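S.K.: no letters, just coordinates:
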């Protein structure tokens, strides 16, 4: 699903960790920290943080990100994420960069009262990237090819990144990491009585028996971790198609494997396609134009895509038990995900791989 429930880290048990700044508080913050005067402030969607699009009198458009108070306790992680965005930008990929504060810092820990006492929130002001989310564009084979190619280029560049605190990306118990699919077993009872219960259980079993034994042959890298249809921006190009104009939201960055990024991209692009099974071929062709898969990665792709669908469905349902008032918002695309998971599961590994790998080969031949 779209990762409205992306983090589900400690936020789930902390009632008032999401910031809730008023417009006047935002104006004061932007003026004091960045010496900019907002002429327009527009709220942007976020599950556990608070985001605003800020247009400045002095010129320019920015995104103000106020992190929830729980995640703000780990500034080193955000320091590495902010550095990664800048590193990608320097290497030719369209990622946001952070504007320094008046004191030259790329983020500031601010004590703010949002109506339930003073709490500390990390604040960053990022460049604004033009475009609309890829979810609103027609997913042509060419755009899917570019999406796969961009995802592979991104991970390849991130793998070259050096930073003294890269170890914070290990995130061993991070539940959205595709390395941690067995952690879903703790939530499996949420599906009691649901026909999907057996599917989810079986996918976790397949992950344990067919993915984990082959993991030593996967190539390691730093993953963006959430390369989904709301985190990729596109703009129309001169040939009436679209080009990728932005990569957003590095909050799920973690040390993982190249194949994880590809599986995540396929999962989410399937959500937006009228014939979801057809997504894998051109996306895979784009990926392999940069990073051809090895045998182990190729063999595990199908189960990893199923696993990502399961992560999204299970954790969305868990989020609803904690925040029932947000059910409609949290389950917005999970409902589609149920259909896609079942369709992939029923087709089976052999059939799905045949479609993906044959169409990828045909697409590559035409390039």
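M.R.: Okay, I see it. For clarity, every value in this text was computed on a predicted model and none was experimentally measured.
S.K.: what about the closest residue to residue 287 other than its chain neighbours, which SS state?
M.R.: Residue nearest to residue 287 in three dimensions, not counting chain neighbours: residue 148, with 3.9 Å by Cβ to Cβ, 6 or more residues apart in numbering. C-beta coordinates here come from the backbone N, C-alpha and C atoms, glycine included. Residue 148 falls in the helix class when you classify it by DSSP: H, G, I helix; E, B strand; the rest coil.
S.K.: ok, now which ones touch residue 148?
M.R.: Shown in contact with residue 148 (Cβ atoms under 8 Å, 6 or more residues apart in numbering): 262, 265, 282-289.
S.K.: repeat that for 6 Å
M.R.: Residue 148 makes contacts with 283, 286-287, as judged by Cβ atoms under 6 Å, 6 or more residues apart in numbering.
S.K.: now it: how far from residue 269?
M.R.: Distance from residue 148 to residue 269, counting by Cβ to Cβ, to the nearest Å: 9 Å.
S.K.: just to revisit the earlier point, just the closest of the contacts of residue 148 to residue 82, please.
M.R.: residue 287 (26.2 Å; Cβ to Cβ).
S.K.: count the residues that sit near the closest one.
M.R.: As a burial measure, residue 287 scores 28 neighbours (other Cβ atoms under 10 Å).
S.K.: other SSEs contacting the strand or helix carrying it?
M.R.: Remark: residue 287 resides in helix 280-288, with elements defined by DSSP states H and E. Packed against helix 280-288, as judged by 3 or more Cβ pairs under 6 Å, 6 or more residues apart in numbering; DSSP states H and E, are the following elements: helix 141-159, helix 258-270, helix 349-366.
S.K.: export those to TSV and tack on distance to residue 227 and mean pLDDT?
M.R.: Output for these, formatted as TSV (distance: least, Cβ to Cβ, whole Å; pLDDT from 0 to 100):
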stretch	distance to residue 227	mean pLDDT
helix 141-159	5	97
helix 258-270	5	97
helix 349-366	17	93
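S.K.: which one of those is the most hemmed in?
M.R.: By mean neighbour count, with neighbours taken as mean count of other Cβ atoms under 10 Å, helix 258-270 ranks first of these at a mean of 27.
S.K.: off-centre distance for it?
M.R.: 10 Å (Cα atoms, centre = their mean, to the nearest Å).
S.K.: kindly report the same for stretch 251-269.
M.R.: That offset, for stretch 251-269, works out to 8 Å (Cα atoms, centre = their mean).
S.K.: swap in stretch 275-285?
M.R.: The chain centroid and the centroid of stretch 275-285 are separated by 19 Å under Cα atoms, centre = their mean.
S.K.: and stretch 236-250, by the same measure?
M.R.: Distance of stretch 236-250 from the chain centroid (Cα atoms, centre = their mean) equals 17 Å.
S.K.: what's the average pLDDT for that stretch?
M.R.: For stretch 236-250, mean pLDDT is 91.
S.K.: list the buried residues in it.
M.R.: 242-250 (16 or more other Cβ atoms under 10 Å).
S.K.: show me the residues you listed that map onto strands.
M.R.: When the buried residues of stretch 236-250 are checked against strands (DSSP state E), the matches are 242-247.
S.K.: now do the lengthiest helix in the chain against helix 349-366, angle only.
M.R.: When the chain is scanned for its longest helix (criterion: DSSP state H), the result is helix 295-322. Relative orientation of helix 295-322 versus helix 349-366 (axes from the mean of the first three to the mean of the last three Cα atoms, to 10 degrees): 120 degrees.
S.K.: how much space between residue 47 and residue 73?
M.R.: From residue 47 across to residue 73, the span is 18 Å (Cβ to Cβ).
S.K.: more crowded one of these two?
M.R.: Counting neighbours by other Cβ under 10 Å for residue 47 and for residue 73 shows that residue 47 has the greater number, 19 against 14.
S.K.: whichever strand or helix holds residue 82: which residues count as buried?
M.R.: Using DSSP H and E, residue 82 sits in helix 75-90. The neighbour-count check on helix 75-90 (16+ other Cβ under 10 Å) flags 75, 77-88 as buried.
S.K.: now stretch 96-116
M.R.: For stretch 96-116, using 16+ other Cβ under 10 Å, the buried residues are 96, 98-99, 101, 106-108, 110, 112, 114.
S.K.: likewise stretch 273-289?
M.R.: Neighbour-count burial for stretch 273-289 flags 276-289 (criterion: 16+ other Cβ under 10 Å).
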